[in-house]
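Q: Starting from these lines, generate the structure:
(2 chains)
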Amino acid sequence: QSVLTQPPSASGTPGQRVIISCSGSSSNIGSNTVNWYQQLPGTAPKLLIYGNNQRPSGVPDRFSGSKSGTSASLAISGLQSEDEADYYCAAWDDSLNGLFVFGTGTKVTVL
Amino acid sequence: QITLKESGPTLVKPTQTLTLTCTFSGFSLITSGVGVGWIRQPPGKALEWLALLYWNDDKRYSPSLKSRLTITKDTSKNQVVLTMTNMDPVDTATYYCAHRLYDSGGFRFDFWGQGTLVTVSS
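A: Just a heads-up that it's a prediction; the model follows:
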């Protein structure tokens, strides 16, 4: 079950900026860093952002992340057709014995 | 480079036990800080974390599935095995294993296997 809440969908035209929100709690986003994963249709998830705002090598700088309190967001600037995918936020959660939690996922559509 | 690949049955019957193997290369599970996790995704649904195994054999499980899951490692074979008991049709999903990294950038699954679809049906 997903502990982090995301909007089910987001959309934009090529070149636009799209922002995806991720809402959590003090035990996950409030205490730990946030990851974002991109999942293209029919493929495994790919790490897009880690440490709230760090991009792994090879990830375009069109993708940026931020965090404030118990919420985080992913921004896609200069939206491109190849950005059409599902996006998931994730974080470690300190509750119970410790667990990893994913967001509910957001489908980004390029109009 | 780091690669991971999942293997196991594609079809299991209800009440059976599922055993999945993650075979990896490019890292060692005896290296301090390293971990391997399992994540699943039912068709059309969100990702769900299942279990995590650390280099020191410490383990973490999803609270909702803890009673059904066991994660183990065979360092000589570079494998991590996940077993899930009492399978049900709702457990039908693509199962992924992933390399876990933890450093100044925090916790993350930075490399993923391609996933294996497991269907639970009689």
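Q: Looking at residue A:75 now. What's its pLDDT?
A: Residue A:75 is assigned a predicted lDDT (pLDDT) of 98.
Q: Around chain B, pick out the residues from chain A.
A: A:1-2, A:32-33, A:35, A:37, A:39, A:44-47, A:50-52, A:54, A:56, A:88, A:90-92, A:96-105 (CB under 8 Å from any CB of the partner chain). Quick note: C-beta positions are derived from backbone N, CA and C, even for glycine.
Q: Could you tell me which of those residues are located in strands?
A: Residues from the residues of chain A next to chain B lying in strands, with DSSP state E as the criterion: A:35, A:37, A:39, A:46-47, A:88, A:90-92, A:99-102.
Q: Quickly name whichever of those is closest to residue B:82.
A: The closest of these to residue B:82 turns out to be residue A:100 (CB to CB; 14.5 Å).
Q: Specify the beta-bridge partners of the closest one.
A: Here residue A:100 sits in beta bridges with residue A:92, going by DSSP bridges.
Q: With residue B:83 instead?
A: residue B:19, residue B:70.
Q: Just the pLDDT for it.
A: Confidence at residue B:83, expressed as pLDDT, is 98.
Q: Could you measure from it over to chain A?
A: Using CB to the nearest CB, to the nearest Å, residue B:83 is found at 19 Å from chain A.
Q: what do you get for residue B:42?
A: Using CB to the nearest CB, residue B:42 is found at 12 Å from chain A.
Q: Just to check, that residue is in contact with residue B:92?
A: Yes: contact criterion CB atoms under 8 Å: residue B:42 and residue B:92 qualify, at 6.3 Å.
Q: the more surrounded of the two?
A: The residue with more neighbours, out of residue B:42 and residue B:92, is residue B:92; 17 against 13, by other CB atoms under 10 Å in any protein chain shown.
Q: Around chain A, which positions in chain B sit nearby?
A: By CB under 8 Å from any CB, the residues of chain B that approach chain A are B:37, B:39, B:46-49, B:52, B:60-64, B:96, B:104-115.
Q: PyMOL command to pick out the buried ones of those residues?
A: To isolate the buried members of the residues of chain B next to chain A in PyMOL, using 16 or more other CB atoms under 10 Å in any protein chain shown:
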select buried, chain B and resi 37+39+46+47+48+49+52+60+61+62+96+105+106+107+108+109+111+112+113+115
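Q: Count the neighbours of residue A:10 for me.
A: 18.
Q: before we move on, back to that, using neighbour counts, give me the buried entries of the residues of chain A next to chain B.
A: Using 16+ other CB under 10 Å, the buried members of the residues of chain A next to chain B are A:2, A:32-33, A:35, A:37, A:39, A:44-47, A:50-52, A:54, A:88, A:90-92, A:99-105.
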